[in-house]
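Trainee: Here's a sequence, model it:
(chains A, B, C and D)
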There are 2 protein chains.
Amino acid sequence: MPKKSKKADIIDTATVLFAGKGFANTSMAEVASLTGIAGATIFYHFKTKEELFVSVLENVKTGLVQAFSLYFQEEHFPTGLERLLGAVAYHLHLSETKKEWFLLLRRHYTHELAAVHPACRRHLEVVYTCLVEIFEKALTIGQEDGSIGPLSAKKTALIILAMVDGILQLESNNLYNAGTLYSELLASCRRMVENKQ
Amino acid sequence: MPKKSKKADIIDTATVLFAGKGFANTSMAEVASLTGIAGATIFYHFKTKEELFVSVLENVKTGLVQAFSLYFQEEHFPTGLERLLGAVAYHLHLSETKKEWFLLLRRHYTHELAAVHPACRRHLEVVYTCLVEIFEKALTIGQEDGSIGPLSAKKTALIILAMVDGILQLESNNLYNAGTLYSELLASCRRMVENKQ
DNA sequence: GTACTAACTGATCGATCAGTCAGTATTACG
DNA sequence: CGTAATACTGACTGATCGATCAGTTAGTAC
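Mentor: Next comes the predicted model:
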């Protein structure tokens, strides 16, 4: 196994903790102990707790953008509609294999900090722009090939993102076994955007 | 103006603070000072911070259930489809006039506590059951009168709830001016559930 | 080896905060 | 009025946590 730098180890540990327990409830001491280093070491690599958080978010951003770009490099779709449904399905899939990423993005602190911290805001914007544009592009393609009806691609992309995110939220809050809803979600998306023959 | 009890004052102040800054970032001292009472007074009415939070949540539950019940007492709809869209619109409307309620329900701490604290969990369940059943009932009525197509009422109700909640989330995170999306959201709901003629 | 730098650490500090307690004010009632 | 309960308060405590700092170790260059 490749020996990772301690700095990267800290970021990995912090990602899980920030995502799982939130910023305020995660202590630097806990990050240090789970990483297997002394408490003061974190402050050598990151000046403040906030700076650590931003590094974590940047790391998530990079990973997420890369994952989607890779997916569309390998997959190809006959119609825009199928491309859209593929994107939704991959979004759902990623949120299972990389739960921490999406938990972190859904944490309130992430958005509170973004309102105040320019670098943090930029990372968040990149993530959301990436997600929205994926849907938007699929919708535009679908309108050209006739698989998708006439609607505002931009606004519909936002609504689909909200819908997917809302389902993931329900699931992560253990309110309903949302896994059961995945196929129903895809069907609902299809009904929502497909061209009435 | 009716003189309110200090206990009710504390709950009102705490609702705004817990909703706006979260549980961990709200100090009992702040709640006390904004309510205009001494710090120790809160602990006379509520044994712990957690108990205060549960009282706040209970209060939100009561208000929310009442608001929806009142709405459907006064409004009547010609079709199930219109009833559904009315419910969605009222949900969006309430989330503006009673922002704190929905912010509180979306806070992670609310769900983390619910996983451990039975009374808290019960309050949350009442709220979500109320919201889901409103959509579910409208869908069922619509299927009977032919305005809504054949689909699982329960699952579709969950998806619509997730969609509305997702839009509100986008808005409260200042990511997009989601207000612009309200009419598009209603149109999308309609396309999703209406009976193909 | 020596010299220099980067990585890392243990001990500690100051601030914050939930919760306690012993006591004071306020109300209700005979 | 008296007295008893309820409502409220100021001063304090113990624990937690972010951050600092003086110092040690590991790595690299010569």
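
Trainee: Quick check: closest non-adjacent residue to the spatially most central residue of chain A.
Mentor: Nearest residue to the geometric centre of chain A (CA atoms, centre = their mean): A:F102, 4.3 Å. Closest residue to A:F102 apart from its sequence neighbours, by CB to CB, 6 or more residues apart in numbering or on different chains: A:S95 at 4.6 Å. Yep, even glycine has a C-beta here, placed from its N, CA and C like the rest.

Trainee: Also A:T41?
Mentor: Spatial nearest neighbour of A:T41, excluding adjacent residues (CB to CB, 6+ apart): A:A32 at 6.5 Å.

Trainee: quick one: contacts for the residue nearest to the centre of chain A?
Mentor: A:94-95, A:168, A:172 (CB atoms under 8 Å, 6 or more residues apart in numbering or on different chains).

Trainee: Mind checking the pLDDT average for stretch A:32-45?
Mentor: Mean pLDDT, stretch A:32-45: 97.

Trainee: Show me which positions of stretch A:49-61 end up buried.
Mentor: A:49, A:52-61 (16 or more other CB atoms under 10 Å in any protein chain shown).

Trainee: what helix or strand is whichever residue of chain A sits closest to DNA strand C on?
Mentor: Residue nearest to DNA strand C within chain A: A:A40 (2.6 Å; CB to the nearest atom of the strand). A:A40 belongs to helix A:39-45 when assigned by DSSP states H and E.

Trainee: Identify the single longest helix in chain A, thanks.
Mentor: In chain A, with assignment by DSSP state H, the single longest helix is helix A:118-145.

Trainee: can you pull out the helices in chain A?
Mentor: Assigned by DSSP H, the helices in chain A fall at A:6-21, A:28-35, A:39-45, A:49-74, A:80-97, A:99-106, A:108-114, A:118-145, A:153-172, A:182-193.

Trainee: ranking these by burial, who's on top?
Mentor: Greatest average neighbour count among these goes to helix A:153-172 (a mean of 23), per mean count of other CB atoms under 10 Å in any protein chain shown.

Trainee: same for that helix, what does it pack against?
Mentor: With contacts taken as 3 or more CB pairs under 8 Å, 6 or more residues apart in numbering or on different chains; DSSP states H and E, helix A:153-172 sits against helix A:80-97, helix A:99-106, helix A:118-145, helix A:182-193, helix B:153-172, helix B:182-193.

Trainee: Mean confidence (pLDDT) on the first one, please.
Mentor: To tie it back to what came earlier, the one meant is helix A:80-97. 98.

Trainee: packing partners for it?
Mentor: helix A:49-74, helix A:99-106, helix A:118-145, helix A:153-172, helix A:182-193.

Trainee: looking at those helices, which is closest to B:A89?
Mentor: helix A:153-172 (15.1 Å; CB to CB).

Trainee: chain center to the closest one: distance?
Mentor: On the basis of CA atoms, centre = their mean, to the nearest Å, helix A:153-172 is displaced by 12 Å from the centre of the chain it belongs to.

Trainee: Next, the angle from it to helix B:182-193.
Mentor: Counting by axes from the mean of the first three to the mean of the last three CA atoms, to 10 degrees, helix A:153-172 lies at 70 degrees to helix B:182-193.

Trainee: what's the angle from helix A:153-172 to helix B:118-145?
Mentor: Using the same axes, to 10 degrees: helix A:153-172 against helix B:118-145 is 130 degrees.

Trainee: List the contacts of the closest residue in space to A:L85 that isn't next to it in sequence.
Mentor: Here the nearest residue to A:L85 in space, its sequence neighbours aside, is A:L186; by CB to CB, 6+ apart that works out to 5.4 Å. By CB under 8 Å, 6+ apart, the contact list for A:L186 reads A:85, A:88-89.

Trainee: Relative to B:G63, how far out is A:L186?
Mentor: Between A:L186 and B:G63 the computed distance is 36 Å (CB to CB, to the nearest Å).

Trainee: of all the residues in chain A, which ones are close to DNA strand D?
Mentor: A:26-29, A:39-40, A:43, A:47-50 (CB under 7 Å from any atom of the strand).

Trainee: let's see 10 Å
Mentor: Taking CB under 10 Å from any atom of the strand as the contact definition, chain A meets DNA strand D at A:21, A:23-32, A:38-44, A:46-53.

Trainee: Export only the CA atoms of stretch A:140-149, formatted as PDB.
Mentor: Extracted in PDB, the C-alpha atoms of stretch A:140-149 (Å, rounded to 0.1, in the frame of the first residue of the first chain):
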ATOM      1  CA  THR A 140     -30.800  19.900 -23.800                       C
ATOM      2  CA  ILE A 141     -29.600  16.900 -25.700                       C
ATOM      3  CA  GLY A 142     -32.900  15.200 -25.100                       C
ATOM      4  CA  GLN A 143     -34.800  18.200 -26.500                       C
ATOM      5  CA  GLU A 144     -32.800  18.100 -29.600                       C
ATOM      6  CA  ASP A 145     -33.300  14.300 -30.200                       C
ATOM      7  CA  GLY A 146     -37.000  14.600 -29.200                       C
ATOM      8  CA  SER A 147     -36.900  12.400 -26.200                       C
ATOM      9  CA  ILE A 148     -37.600  15.300 -23.800                       C
ATOM     10  CA  GLY A 149     -40.400  17.800 -24.000                       C
END
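
Trainee: Could you list the residues in contact with it?
Mentor: Stretch A:140-149 has contacts (CB under 8 Å, 6+ apart) with A:79-84, A:139, A:150, A:153, A:193-196, B:191.

Trainee: for the record, mean pLDDT for it?
Mentor: Across stretch A:140-149, the average pLDDT comes to 97.

Trainee: How far does that stretch sit from its chain's centre?
Mentor: Its chain's average C-alpha position is 26 Å from that of stretch A:140-149, according to CA atoms, centre = their mean.

Trainee: and if you look at stretch A:189-197?
Mentor: The chain centroid and the centroid of stretch A:189-197 are separated by 26 Å under CA atoms, centre = their mean.

Trainee: Might you report the residue contacts of A:V126?
Mentor: Listed by CB under 8 Å, 6+ apart, the contact partners of A:V126 are A:61, A:65.
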